[in-house]
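**Q** how would this look folded up:
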Amino acid sequence: MLSLCKVTDSLLISNSRSACTEKLLMQEGVTFCINVSRQQPFPSCQRLQTLRVPVFDDPAEDLYRYFERCSGAIESTIQSGGKCLVYCKNGRSRSAAICTAYLMKHHRLSLKDAFETVKTARPVAEPNAGFWSQLQKYEEHLHIQNQVAPSKKETVQ
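**A** Purely as a prediction, here's the structure:
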């Protein structure tokens, strides 16, 4: 069955086949697509902005290095009133990891809560073991980043 699964009102996840179905993209108002694969096609729709994350669904692949860039691209799409679709071949591992990283960064969710949100939207979601450990590393990075953030108030002595 072809479908785009809603992670949030403005973030969707799917497999490649659904992502390349123009009718679905138009129905959902998708404006930006992140294709998390080396080989899957982009939708033929000309009005879409696109980003390719060239990784295989292999635990040895470094998806971590794309978490910040993808999260930023998703957030700026949403802030400008658009909708983002993240997809990979099966809409299961790579795209689920990117959506989870976004929720951790911009919704300040724990890895557990972020992944539950993605899994609720797309029950087949299951990042491979390598991507899962990269998400754990990212959660630690975000936790440290949020703790060490400089205070806006200066102490006057």
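**Q** wouldn't Asn146 be in contact with Met104 here?
**A** No. With contacts counted by C-beta atoms under 8 Å, Asn146 stays clear of Met104, the gap being 10.5 Å. Any C-beta I mention is one placed from the backbone N, CA and C, and that applies to glycine too.
**Q** in stretch 39-46, what counts as buried?
**A** For stretch 39-46, the neighbour count (16 or more other C-beta atoms under 10 Å) marks 40, 43 as buried.
**Q** got any ranges where the protein has weak pLDDT?
**A** By pLDDT under 70, the low-scoring segments of the chain are 148-157.
**Q** for it, what spans make up the helices?
**A** All helices of the chain, identified by DSSP state H, fall at 16-19, 22-28, 64-79, 94-106, 111-121, 129-147.
**Q** quick one: contacts of the second one?
**A** Think helix 22-28. 2-4, 12, 14, 18-19, 33, 43-45, 48, 83, 85 (C-beta atoms under 8 Å, 6 or more residues apart in numbering).
**Q** and what of the first one?
**A** Contacts of helix 16-19 with the rest of the structure, by C-beta under 8 Å, 6+ apart, involve 2-4, 24-25, 33, 35, 37, 40-41, 43, 85, 87-91.
**Q** on that earlier part again, the contacts of helix 22-28: which two are farthest apart?
**A** Largest separation among those by C-beta to C-beta: Ser3 and Ser44, giving 19.0 Å.
**Q** export stretch 58-65 as CSV, just CAs?
**A** This file holds the C-alpha atoms of stretch 58-65, laid out as CSV (Å, rounded to 0.1, in the frame of the first residue of the first chain):
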residue,chain,number,x,y,z
ASP,A,58,24.6,-0.9,6.4
PRO,A,59,25.5,-0.7,10.1
ALA,A,60,29.1,0.4,9.1
GLU,A,61,27.8,3.5,7.3
ASP,A,62,28.3,6.9,9.0
LEU,A,63,24.8,8.3,9.2
TYR,A,64,25.8,10.4,12.3
ARG,A,65,27.6,13.0,10.2
